[in-house]
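1. Fold the following for me, if possible:
(2 chains)
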Amino acid sequence: EAQVTQNPRYLITVTGKKLTVTCSQNMNHEYMSWYRQDPGLGLRQIYYSMNVEVTDKGDVPEGYKVSRKEKRNFPLILESPSPNQTSLYFCASSRTSFLYNEQFFGPGTRLTVL
Amino acid sequence: KNEVEQSPQNLTAQEGEFITINCSYSVGISALHWLQQHPGGGIVSLFMLSSGKKKHGRLIATINIQEKHSSLHITASHPRDSAVYICAVRGSQGNLIFGKGTKLSVKP
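-> Got it, this is the predicted structure:
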């Protein structure tokens, strides 16, 4: 089944404790992206990747890191999480540019930073 | 001013009604996306369109590039259409920018 998976789905952590949210797709998509969703602000793009070893900042990259060492995986790293990073996070992938192609979204990761 | 504006923010309809959700944008674009977010949180892509009109079942999306406006129509609405509908366009920095969404509730 074609899908985008994220892990964990729920995470409660404390300020400053490094964490990684994994994202994997099995559709051989070139494009992958991370978004956060907050009440009243909607979805905002954090980082995106057009292909292996190519990543670019979105609207709100501060406090986040990403890597794209393999085509299928695009982990989101929070080196020192803070409470303002409490949010619902979505990973997405598309065949080529997400600007011109359907995006497939993961199920979301609900992160709480205390 | 937000680059992508949706209206209305909230919409309540009776089952069977024809529904229209609007999206206006201020940046020049070559494509616009409509997404649906289910009450459980999952997001699915409904349409990607760059001109004219697209139809999928009871959903119709239109876009007017000159007026920088797109509409999503739902014919014969059903309670299972209850969701948040989100439009998104390419922003001036080349990334994807989303509207804040329209929360639709269809009552039986």
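2. Distance of the nearest residue to B:Thr75 once chain neighbours are set aside relative to B:Val106?
-> Nearest residue to B:Thr75, sequence neighbours excluded (Cβ to Cβ, 6 or more residues apart in numbering or on different chains): B:Arg58, at 4.7 Å. Any C-beta I mention is one placed from the backbone N, CA and C, and that applies to glycine too. As judged by Cβ to Cβ, to the nearest Å, B:Arg58 and B:Val106 stand 12 Å apart.
3. and B:Ile29, that's in a strand?
-> No. Applying DSSP: H, G, I helix; E, B strand; the rest coil, one finds B:Ile29 to be coil, outside a strand.
4. check contacts around it.
-> Going by Cβ atoms under 8 Å, 6 or more residues apart in numbering or on different chains, B:Ile29 touches B:Ile65, B:Lys68, B:Val89, B:Arg90.
5. Let me know whether B:Asn10 touches B:Gly101 as I believe.
-> No. Contact criterion Cβ atoms under 8 Å: B:Asn10 and B:Gly101 do not qualify, at 9.7 Å.
6. The two - which one has more neighbours?
-> Between B:Asn10 and B:Gly101, counting by other Cβ atoms under 10 Å in any protein chain shown, B:Gly101 is the more crowded of the two (21 against 10).
7. can you pull the contacts of the closest residue to A:Val4 other than its chain neighbours?
-> Distances taken as Cβ to Cβ, 6+ apart put A:Gly106 closest to A:Val4, at 4.0 Å, once the chain neighbours are dropped. Contact partners of A:Gly106, counting by Cβ under 8 Å, 6+ apart, are A:Val4, A:Thr5, A:Gln6, A:Cys23, A:Phe90, A:Cys91, A:Ala92.
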